[in-house]
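[1] Provide a 3D model corresponding to the input given below.
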Amino acid sequence: MSTDAPPQLSAELGSAPPESFTQLTPEQARLLAEALRARRESQASGLNRAAEDALKLVPALARGPVRRILFR
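    As a prediction, this is how the structure comes out:
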């Protein structure tokens, strides 16, 4: 396994990869790290959309202050 793949995976996982990940080729490890990053970005985007949609339930005059409180 290349020396680049474990740090990439560690960064995406938030901890050291499981020992079994040493069996991955450098290309597989890179693809896994990219897939994890893409999924995390997709989830964050979905959460942001959901929060903005929820703000539509707040009266118009209060949206600005509520947005500032929630999204400092």
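
[2] what residues does the helix or strand of the chain with the lowest mean pLDDT touch?
    Within the chain, no helix or strand scores below helix 5-13, which has a mean of 78 by mean pLDDT, DSSP states H and E. Surrounding helix 5-13, the residues in contact under the criterion CB atoms under 8 Å, 6 or more residues apart in numbering are 16-17, 21, 24, 26, 29-30, 32-33, 36-37, 40. All C-beta spots, glycine's among them, are computed from the backbone N, C-alpha and C.

[3] which of these fall within strands?
    Counting by DSSP state E, none of the members of the contacts of helix 5-13 fall within strands.

[4] so where do the helices sit in this protein?
    Taking DSSP state H as the test, the helices found in the chain are 5-13, 26-55, 60-70.

[5] which other helices and strands does the longest one contact?
    Here helix 26-55 is seen to pack against helix 5-13, helix 60-70 when contacts are counted using 3 or more CB pairs under 8 Å, 6 or more residues apart in numbering; DSSP states H and E.

[6] buried deepest among those helices, which one?
    Each of those was assessed for mean neighbour count using mean count of other CB atoms under 10 Å. The highest is helix 5-13, with a mean of 17.

[7] just send the contacts of helix 5-13 back as JSON lines, with distance to Arg72 and neighbour count too.
    Formatted as JSON lines, the contacts of helix 5-13 follow (distance: CB to CB, whole Å; neighbours: other CB atoms under 10 Å):
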{"residue": "Ala16", "distance to Arg72": "32", "neighbour count": "10"}
{"residue": "Pro17", "distance to Arg72": "33", "neighbour count": "20"}
{"residue": "Phe21", "distance to Arg72": "36", "neighbour count": "17"}
{"residue": "Leu24", "distance to Arg72": "39", "neighbour count": "18"}
{"residue": "Pro26", "distance to Arg72": "40", "neighbour count": "14"}
{"residue": "Ala29", "distance to Arg72": "36", "neighbour count": "21"}
{"residue": "Arg30", "distance to Arg72": "35", "neighbour count": "16"}
{"residue": "Leu32", "distance to Arg72": "33", "neighbour count": "18"}
{"residue": "Ala33", "distance to Arg72": "30", "neighbour count": "21"}
{"residue": "Leu36", "distance to Arg72": "27", "neighbour count": "16"}
{"residue": "Arg37", "distance to Arg72": "25", "neighbour count": "13"}
{"residue": "Arg40", "distance to Arg72": "21", "neighbour count": "11"}
